[in-house]
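Coordinates for the following, if possible.
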Amino acid sequence: MDLHYRVAIFGSARITEGDKDYQDVFAIAKGLSEAGFDIVTGGGPGLMQAANAGSKSAHSDTRSIGLNIRLPREQEPNAFLDIKQEFSRFSSRLDTFMALSDAVVVAPGGIGTLLELFYAWQLVQVEHICETPIILFGEIWTNLLVWLESEVMAQNLFAKGDMHMIFHVIEPEQVVKLIKQIHTDRLKEDHACHNFTKYRIALKSINHKSL
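Residues are numbered from 1 along each chain as shown. Okay, here's the model as predicted:
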């Protein structure tokens with residue numbers, strides 16, 4: 001396996017090209033590809049297509065990768081893939097996502113996207129994979145994070161430290177900036193994930209200024 005830095009982008013298959021979320025995910029993927037990162041998605045329509053199309057629009061030497069799933073209502077691979085692989089089971093597909101990906105962006109989505117979010121988070125929590133940053137993009141995740149902290153964590157059902165790798169980012173350009181910084185630090189240090197607190201402080205400063 002080569003040393004390309006890869007970013008998985010999860011998101012809804014139901015969001016169309018005219019939607020702001022589609023445009024934002026396109027911009028995120030384009031910015032990440034321009035920075036030299038491969039993009040990995042589920043390979044289907046909606047925000048998966050937005051990410052793969054954004055990657056291809058960068059005209060870089062990075063790859064646009066799709067891990068498609070066979071469903072009763074057939075999900076066709078989108079037209080913006082350099083590499084594609086088809087899966088019949090969500091479990092093997094999710095394992096491949098996490099084996100390939102150095103960072104995760106979770107865009108707006110439904111049940112499938114939530115499955116991907118919590119599976120990635122679980123693997124990091126139990127240290128089956130490195131402390132992969134999981135970036136929740138968009139306002140849609142605000143109330144989920146409030147609920148997790150005020151209800152679930154408040155009952156000691158998980159530890160505050162388990163939120164260490166979770167970032168909530170509102171603006172597309174800040175997603176790109178954060179991942180570029182994490183990647184830069186990773187090249188300098190064996191354990192760049194130890195800097196996660198630093199990134200969170202910087203994000204809070206940015207979000208406070210934008211209020």
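
C-alpha from now on. contacts and neighbour counts both.
OK.

Quick one: low-confidence residue ranges for this protein.
1-3, 74, 189-211 (pLDDT under 70).

how long is stretch 95-105 end to end?
By CA to CA, to the nearest Å, the extent of stretch 95-105 from end to end equals 16 Å.

before we move on, what SS does His4 have?
coil (DSSP: H, G, I helix; E, B strand; the rest coil).

Contacts only, for it.
With contact set as CA atoms under 8 Å, 6 or more residues apart in numbering, His4 has these partners: 37-38.

Count the neighbours of the nearest residue to Ala50 once chain neighbours are set aside for me.
Among residues not flanking Ala50 along the chain, Phe26 sits closest, at 4.7 Å (CA to CA, 6 or more residues apart in numbering). With neighbours defined by other CA atoms under 10 Å, the count for Phe26 comes to 24.

what's the helix or strand for Phe26?
Element membership of Phe26, judged by DSSP states H and E, is helix 20-34.

if I pick the closest residue to Ile69 other than its chain neighbours, what's in contact with it?
Spatial nearest neighbour of Ile69, excluding adjacent residues (CA to CA, 6+ apart): Phe87 at 4.8 Å. Contacts for Phe87 (CA under 8 Å, 6+ apart) come out as 67-70, 93.

That'll do, ta.
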